[in-house]
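1. okay, sequence plus prediction incoming.
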Amino acid sequence: MKKSTNWILYKSDNLGNCIGIPFKATVPGCVQKDYANAYDFGDWTFSDNVKKFDGLEDNFWTYETAVPFDKADGQTLFFVAEGIDYAYDIMLNDEVIYSYTGMFKPAKVELLNAKKG
């Protein structure tokens, strides 16, 4: 069964520490669109609005959500992504449980066995 969660997104340092104001994110989605929605950029194709996006790719970004750990009847909980660009860590309880560098490789990471506590 597929479960949806609420996501937030924020600019972070290279260790994932928040250095910006968190805002609502859409997953699947992209930083640029979520940032534009959060700061009301308007249509990026209109006039010189595209300049508002300068530098977004030069930052680290962190997506965050709460994971519902309700294991029942032997079910397994996975984080599934069809492709994440370019280098990333998937973390659970502040611990890296999966890392990858490359273009848009799908990921399927079991979460219940990685859960601590």
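-> Yes, it's here.

2. all helices for this protein, in order.
-> Counting by DSSP state H, the chain has helices at residues 31-38.

3. tell me where the model's unsure across it.
-> Low-confidence segments of the chain, defined by pLDDT under 70, span residues 1-4, 69-74, 113-117.

4. so the residue lying closest to Phe79 once chain neighbours are set aside versus Asp94, what's the distance?
-> For Phe79, ignoring the flanking residues on the chain, the nearest one in space by CB to CB, 6 or more residues apart in numbering is Val109 at 4.7 Å. For every residue, glycine as well, the C-beta is placed using N, CA and C. Computed with CB to CB, to the nearest Å, the distance linking Val109 and Asp94 is 16 Å.

5. so which of these two has more stuff around it?
-> A direct count of neighbours by other CB atoms under 10 Å for Val109 and Asp94 places Val109 higher, at 15 against 7.

6. which residues sit in contact with the more buried one?
-> Residues in contact with Val109, defined by CB atoms under 8 Å, 6 or more residues apart in numbering, are Phe78, Phe79, Val80, Ile90, Ile97, Tyr98.

7. generate a ChimeraX selection restricted to the buried entries among these.
-> Command for ChimeraX that selects the buried part of the contacts of Val109, burial taken from 16 or more other CB atoms under 10 Å:
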select :79,90,97,98
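
8. which one of the contacts of Val109 is nearest to Ala66?
-> Nearest to Ala66 out of these is Phe79 (CB to CB; 12.6 Å).

9. which residues does the closest one contact?
-> Applying CB under 8 Å, 6+ apart to Phe79 gives the contacts Val67, Ile90, Ala107, Lys108, Val109, Leu111.

10. if I look at the fifth one, how far off is Ser99?
-> Same thing as Val109. Relative to Ser99, and taking CB to CB, Val109 is found at 10 Å.
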